[in-house]
Each structure stands twice: as structure tokens, then as C-alpha cells.
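S.K.: this one's structure only:
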Ligand SMILES: CC(C)(COP(=O)(O)OP(=O)(O)OC[C@H]1O[C@@H](n2cnc3c(N)ncnc32)[C@H](O)[C@@H]1OP(=O)(O)O)[C@@H](O)C(=O)NCCC(=O)NCCSC(=O)C(=O)O
């Protein structure tokens with residue numbers, strides 16, 4: 001039903017009216033978008049209020065960037081565009097980082113920002129928060145639109161929704177100048193102007209020839225490997241993917257956010273033998289994984305000496321040959337491609353040679369065994385492994401829980417240590433390795449899935465979105481934040497030898513982040529040993545109450561982010577010395 005604004009009052013001409021505010025709300029509802037992540041302010045405060053009154057869930061954040069990260073990850077989790085609503089210029093700019101992040105990570109998201117009046121902006125006459133937001137957004141997103149007339153709101157949203165989710169998903173900007181909200185029209189005309197987007201992300205069926213070519217290459221391999229990326233997790237084709245991997249018998253390596261698509265404990269999982277499989281494999285099938293820096297661009301030392309053949313499955317044809325030659329490109333949506341693989345494989349598929357799979361299992365077992373004792377230490381203050389050993393068991397016990405993870409050491413080590421068992425349960429920093437996604441993603445994950453969230457945060461990473469603990473308390477969300485507090489970035493022990501200022505990478509020593517949560521009525525715990533950490537996290541998972549645990553980590557634990565390709569600043573410094 002149309003959400004009527006008012007009735008005209010002229011005697012004898014009584015007519016139902018609507019306006020821009022109501023049409024925006026109706027357009028969202030008509031397309032099944034029931035949540036808005038926003039920060040209120042001019043000119044969208046009333047839009048948020050009215051949307052809430054009309055039954056949309058409007059979640060107000062403390063900073064637009066966090067609302068944006070929430071919207072992006074909501075899109076990833078649901079395959080519907082996550083909507084972030086901001087005020088003009090500064091609010092828009094705050095949301096823009098998250099929009100660019102969504103685009104880079106292929107999350108469907110729409111950033112809707114109020115803006116100032118075109119007539120004034122274009123003549124640069126100094127309107128309130130004047131800025132040509134459309135022009136600024138364009139290079140940072142997949143599509144950008146501006147709606148100038150209320151009768152075009154329906155089309156504007158239809159275009160934004162379709163652009164966000166179809167093909168390779170991404171971020172879309174929708175500019176709504178303030179004047180638009182007050183434009184009035186008949187409710188009947190308004191109703192007719194709305195558009196329900198039919199089949200927003202049509203299946204893209206791969207060509208049978210490309211499917212055959214890919215399977216022929218894979219079948220011929222003595223040392224094949226499947227790499228699953230977060231595109232595969234996004235596809236929600238979990239059963240098809242599992243069937244394909246198991247039927248093929250090929251070892252698989254999950255990228256960070258694809259962990260859990262098949263359990264990390266699956267006998268074919270090669271996560272704990274990463275270097276070995278990258279180096280030794282001979283044919284590599286990439287499913288929803290890009291050959292970017294996270295895979296060393298498909299070449300160089302990490303990939304070993306022997307020549308490799310790559311097969312790639314992606315919805316975006318231009319992804320092929322982006323870094324190395326792809327001998328068997330398969331363009332299509334991942335669900336359709338993998339289902340075509342399953343059909344075309346037939347009954348006569350033979351598993352890869354046991355020599356290959358056994359070599360991987362023994363490397364994996366060796367690495368797991370090497371790590372096991374480290375995870376059981378009960379040192380106080382904790383080291384990373386002692387603390388992560390506890391969290392590994394928590395996720396094992398609560399496999400439905402969503403793990404949000406950011407930091408430097410906290411991210412790198414948690415990725416390896418914490419096994420995931422279900423798809424789309426690990427959310428992290430994504431393609432850019434960005435810090436600041438933590439609380440936004442945790443909030444959206446709790447709201448969109450209804451499952452408890454464990455956010456494992458470096459103390460520095462947490463700082464980028466820390467104020468949202470108030471949001472967590474306000475909405476009483478089942479989020480347990482564990483801060484790995486080692487007093488600084490990488491470590492808390494750096495010293496500035498030049499003057500009295502603290503070193504650039506250190507924070508206040510002995511800070512008590514748990515007090516922040518208590519300030520807003522949540523539960524704060526200071527944990528100085530793995531035993532204390534275990535008690536506190538288990539309690540939080542059981543109670544579902546907003547909780548923040550300050551996990552005291554040895555300030556000397558941790559190292560510079562040295563595992564990012566050749567980008568090790570420490571080694572550059574050392575070379576210069
Ligand atoms: C590019 C990468 C995928 C490559 O990581 P690698 O370190 O090479 O691999 P992994 O982490 O997957 O694994 C490391 C090693 O652990 C092994 N491994 C993995 N899982 C296990 C388990 N369960 N048990 C035992 N051993 C394991 C794995 O086989 C590797 O050993 P071997 O097989 O023996 O090699 C990763 O570095 C990554 O995702 N980086 C993103 C980092 C990021 O975004 N940082 C944010 C920047 S921080 C920041 O802002 C800043 O610092 O600045």
C-alpha cells in the first residue's frame with residue numbers, strides 16, 4: 001500500500017497526495033529493502049523518522065563510515081543491496097570510503113545521500129554543505145545517479161538496485177537533493193511511478209564449451225588445486241560448491257572470507273598447507289577469487305618454479321587474464337557455473353593422484369601439530385596464540401556465530417588459527433585490508449542474521465569504529481568484542497628516541513577498553529589470561545548481552561605486518577640502515 005503523505009484540502013477537490021519522502025520509502029519497501037543504516041541530519045532526518053514509522057528498520061550509527069561498512073556487509077550477506085543513508089557533503093564523504101570499499105569487494109550497496117540544491121551548487125553560490133556529490137562519487141562506484149523530480153524516484157531506485165546486484169555486484173551512489181523530498185504529487189501518480197525490480201540479478205549461464213574446456217584442463221592435472229574466494233561465498237550456492245569439490249576430490253584453499261564454505265577441518269582443505277599448494281600445484285581453478293595481491297598476482301616466488309595453468313570462474317569477463325594467462329575462462333554466475341560443472345562431470349570422474357593429496361595432508365598435519373601446543377599456553381599477559389586458542393574453541397562450539405576480524409597480527413594469526421565451519425561466517429577486512437570495518441560489520445551481521453557475533457579486534461583497528469559500542473548497546477545486540485590490547489600498532493614497545501613524544505605506533509599503556517562498554521550499559525571484562533578470556537567469552541555467547549573484553553596481550557608480542565607481499569616497511573627500513 002502506498003504510504004500516503006496527506007490529503008489536499010481544497011473543498012471539492014479532495015485528493016490523496018504523496019511526496020518525495022514517502023516515495024523513497026515506498027520504493028524501498030516495494031523492493032524488499034527493509035533496513036537502512038544511517039546517521040541522521042540535514043536533510044534526511046525526517047526521512048529516517050518516516051521510514052521507521054513506515055516499518056523499515058532504521059539503524060542510526062555514530063559515524064557514516066561505520067553505517068556504510070554495515071550496509072556493504074549486509075549486501076554481502078543477503079545478496080540484496082545494503083542501504084546507507086547520509087547527510088550531504090561531509091556525511092556523504094564519510095560514507096564514500098565504505099562505498100568504494102563495497103565496490104572493490106563486490107558487495108552490493110547503495111549510498112543514498114541528501115544533497116544541496118542544484119541551482120545553487122552549479123553556480124557555486126555557497127549553499128549549506130554545497131558539493132557536487134555525484135561527480136565525486138562516480139569514479140568510486142559502479143554507478144551513480146541523481147534524482148531531480150519526485151516522479152523519478154521509482155526509476156532512480158530501480159536503476160540503483162539493479163546496478164548494485166546484477167553482474168559483478170558493487171556500490172552505487174544515489175543523490176537526492178533536499179528539495180526533492182518536499183515535492184508533492186497525487187498519490188495515484190506516485191504509485192504508478194514506482195518500479196518493482198524483476199529478476200534484479202539474472203542468472204548468467206556459462207557457455208557449454210567453456211565448461212567443457214575447464215573440466216578437461218582440470219581432469220588432466222596431476223596436481224590440481226581449487227581456490228575459493230569470497231565471490232563463491234557470496235553466490236550462496238553452498239551445496240553445489242560442496243558437491244563439486246567433493247566429487248572432484250581436488251584439494252581446496254579458501255581465501256579468508258571463503259573459509260567455512262566447506263569446513264576448514266574438511267579432509268580436502270589445504271588452508272594449513274598454503275605455501276605448499278601454491279608452489280606445487282600445476283592446475284589451479286579459481287572460483288570467485290581474483291588473482292590480486294592476496295594471491296601474489298598468480299606469479300612469483302609464492303607460486304614456485306613450475307609452469308601453471310589457471311582456470312577461472314568469474315561473472316566479470318574482464319577479470320580474465322588480468323594478471324596471468326587464463327587457459328580456461330568460464331564466465332557466468334558461480335551458482336550456474338558450478339552446477340554446470342556438476343552436470344558435465346558425469347560419473348566417470350577420477351580423483352587426483354593420491355601422491356598429491358597425501359603430500360598435502362601430511363604438510364597440513366605437520367603445520368597443525370606445530371601450532372597446537374602454542375594454542376594451549378596459559379601465559380599472562382597473553383600472547384596471540386594463547387588468546388586465539390580460546391577463541392578457536394568458542395567458534396567450534398558456536399559454529400553459527402559470525403566472526404568479524406580486523407587488525408594486523410590479530411587478523412593474520414586469527415585467520416590461520418580459527419577454523420570456520422559454515423559459509424559466510426567470517427567477515428574481515430577484504431580486498432583492501434582496511435582497518436575500521438569492525439563495529440559496522442558486527443552490527444549488520446547481528447541484525448541481518450540474528451546470530452551472535454564475535455568481533456576479534458586489534459586495539460588499533462578497533463579505534464576506527466570504537467564509538468559504535470554505544471550503537472551496539474542501544475540496539476542491545478548479541479555482540480562480543482574482544483580487543484587484543486598490546487598497547488599499540490603491531491606492538492606496544494616502540495620508543496621514540498628523538499623527543500618526548502610517544503613513538504608513532506604506541507598507545508596509552510594499560511588502557512581499559514572494557515570501560516567503554518560499561519559506560520553505555522554493556523558488560524566490560526578485563527581478561528589477563530586465557531582462562532579469564534575463556535570464561536568471559538563463553539558467558540557473553542550464552543547471555544547474548546553486548547560485551548567488550550579487554551584481552552591484555554604482551555606489548556612485546558606481535559610483529560610488523562610483514563606478510564603482505566613485498567610491502568614490508570620494516571625490511572625497507574632495515575635495508576636503509
Ligand atoms: C595474502 C595472505 C592471504 C597470505 O597469507 P599467508 O600468511 O601467506 O597465509 P595464511 O595466513 O593463509 O597462512 C599462514 C601460514 O599458516 C598456515 N596455516 C593456515 N591455517 C593453519 C592452521 N589451521 N594450522 C596451522 N597452520 C595453518 C599456512 O599454511 C601458512 O603456512 P605455510 O603453508 O607453511 O606457509 C594473507 O597475508 C592475507 O590475507 N593478508 C591480508 C592481510 C591484511 O589485509 N592485513 C591488513 C593490513 S594491516 C594494516 O593495516 C597495516 O599493517 O598497515
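M.R.: Good, I have the coordinates. What you see is a predicted model; the values in this text were computed from it and never measured. Numbers count the residues shown, from 1 in each chain.

S.K.: what confidence value was assigned to whichever residue of the stretch 301-450 of the chain sits closest to the ligand?
M.R.: Per C-beta to the nearest ligand atom, residue 433 is where the stretch 301-450 of the chain lies closest to the ligand, at 2.5 Å. All C-beta atoms are positioned from the backbone trio N, CA, C, and that covers glycine. pLDDT recorded at residue 433 is 97.

S.K.: what's the burial count for it?
M.R.: 17 (other C-beta atoms under 10 Å).

S.K.: which bits of the chain sit near the ligand?
M.R.: 256, 271-276, 294, 367-368, 371, 408, 411-412, 415-416, 429, 433, 435, 561, 563-564 (C-beta under 6 Å from any ligand atom).

S.K.: run the last query once more with 5 Å
M.R.: By the rule C-beta under 5 Å from any ligand atom, the part of the chain lying against the ligand is 271-272, 274-275, 294, 367-368, 371, 408, 415-416, 429, 433, 561, 563.

S.K.: returning to that earlier point: and the residue of the stretch 301-450 of the chain closest to the ligand, how far from residue 76?
M.R.: Residue 433 sits 16 Å away from residue 76, going by C-beta to C-beta, to the nearest Å.

S.K.: got it, and residue 492?
M.R.: Applying C-beta to C-beta to residue 492 and residue 76 gives a distance of 33 Å.

S.K.: again with residue 211
M.R.: Counting by C-beta to C-beta, the gap from residue 211 to residue 76 is 26 Å.

S.K.: hang on, the earlier thing: among the residues of the chain next to the ligand, which ones are buried?
M.R.: By neighbour count, with 16 or more other C-beta atoms under 10 Å, the residues of the chain next to the ligand hold 271-272, 274, 294, 367-368, 371, 408, 415-416, 429, 433, 561 as buried.

S.K.: now do the longest helix along the chain, average pLDDT.
M.R.: Ranked by number of residues, the top helix in the chain under DSSP state H is helix 354-375. Helix 354-375 comes out with an average pLDDT of 98.

S.K.: what helices or strands is it leaning on?
M.R.: helix 274-280, helix 384-397, helix 409-417 (3 or more C-beta pairs under 8 Å, 6 or more residues apart in numbering; DSSP states H and E).

S.K.: same thing but at 10 Å, please
M.R.: strand 224-228, helix 274-280, helix 384-397, helix 409-417 (3 or more C-beta pairs under 10 Å, 6 or more residues apart in numbering; DSSP states H and E).

S.K.: now for stretch 504-521, what's the gap between its first and last residues?
M.R.: In stretch 504-521, first residue to last residue: 33 Å (C-alpha to C-alpha, to the nearest Å).

S.K.: quick check: buried residues in that stretch?
M.R.: Neighbour-count burial for stretch 504-521 [16+ other C-beta under 10 Å]: 505-507, 511, 513-514, 516-517, 520.

S.K.: could you list the low-pLDDT ranges of the stretch 101-250 of the chain?
M.R.: Filtered on pLDDT under 70, the stretch 101-250 of the chain yields no residues whatsoever.

S.K.: re the thing from before, biggest separation within the buried ones among the residues of the chain next to the ligand, which pair?
M.R.: Greatest spacing in those, by C-beta to C-beta: 368 and 433 (25.4 Å).

S.K.: mind listing the helices for the stretch 151-300 of the chain?
M.R.: 153-165, 178-182, 187-193, 208-219, 230-234, 238-248, 274-280 (DSSP state H, counting those that start in this stretch).

S.K.: got the contact list for the closest residue in space to residue 294 that isn't next to it in sequence?
M.R.: Once flanking residues are discounted, residue 294 sits nearest to residue 255: 6.5 Å by C-beta to C-beta, 6 or more residues apart in numbering. Residue 255 makes contact with 227-233, 261, 271, 286, 288-290, 294-295, 415, 431, according to C-beta atoms under 10 Å, 6 or more residues apart in numbering.

S.K.: of all the residues of the chain next to the ligand, which two lie farthest apart?
M.R.: Top of the distance list for these (C-beta to C-beta): 368 and 433, 25.4 Å.

S.K.: residue 514 contacts residue 550, correct?
M.R.: Yes. Shown here, residue 514 and residue 550 form a contact pair, counting by C-beta atoms under 10 Å, at 4.2 Å.

S.K.: what touches both of those two?
M.R.: By C-beta under 10 Å, 6+ apart, the residues touching both residue 514 and residue 550 are 481, 483, 485, 524-527, 536.

S.K.: save those as JSON lines, and put in pLDDT and secondary structure too.
M.R.: As requested, the shared contacts of residue 514 and residue 550 are exported to JSON lines (pLDDT from 0 to 100; DSSP: H, G, I helix; E, B strand; the rest coil):
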{"residue": "481", "pLDDT": "99", "secondary structure": "strand"}
{"residue": "483", "pLDDT": "98", "secondary structure": "strand"}
{"residue": "485", "pLDDT": "98", "secondary structure": "strand"}
{"residue": "524", "pLDDT": "98", "secondary structure": "strand"}
{"residue": "525", "pLDDT": "98", "secondary structure": "strand"}
{"residue": "526", "pLDDT": "98", "secondary structure": "strand"}
{"residue": "527", "pLDDT": "98", "secondary structure": "strand"}
{"residue": "536", "pLDDT": "98", "secondary structure": "helix"}
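
S.K.: ok, back up a step: return the most buried member of the helices of the stretch 151-300 of the chain.
M.R.: helix 230-234 (a mean of 27; mean count of other C-beta atoms under 10 Å).

S.K.: other SSEs contacting that one?
M.R.: helix 64-78, helix 89-105, helix 238-248, strand 252-254, strand 283-287, strand 309-314, helix 334-345, strand 426-427.

S.K.: low-scoring pLDDT stretches of the stretch 451-577 of the chain, where are they?
M.R.: Along the stretch 451-577 of the chain, the model assigns pLDDT under 70 to residues 561-577.

S.K.: please, where are all the helices along it?
M.R.: Under DSSP H, counting those that start in this stretch, the stretch 451-577 of the chain gives helices at 459-463, 469-474, 514-519, 530-543, 569-576.

S.K.: pull up the per-residue confidence for the spatially closest residue to residue 235 that is not a sequence neighbour.
M.R.: Leaving aside its chain neighbours, residue 235 sits nearest to residue 334 (3.8 Å; criterion: C-beta to C-beta, 6+ apart). Confidence at residue 334, expressed as pLDDT, is 98.
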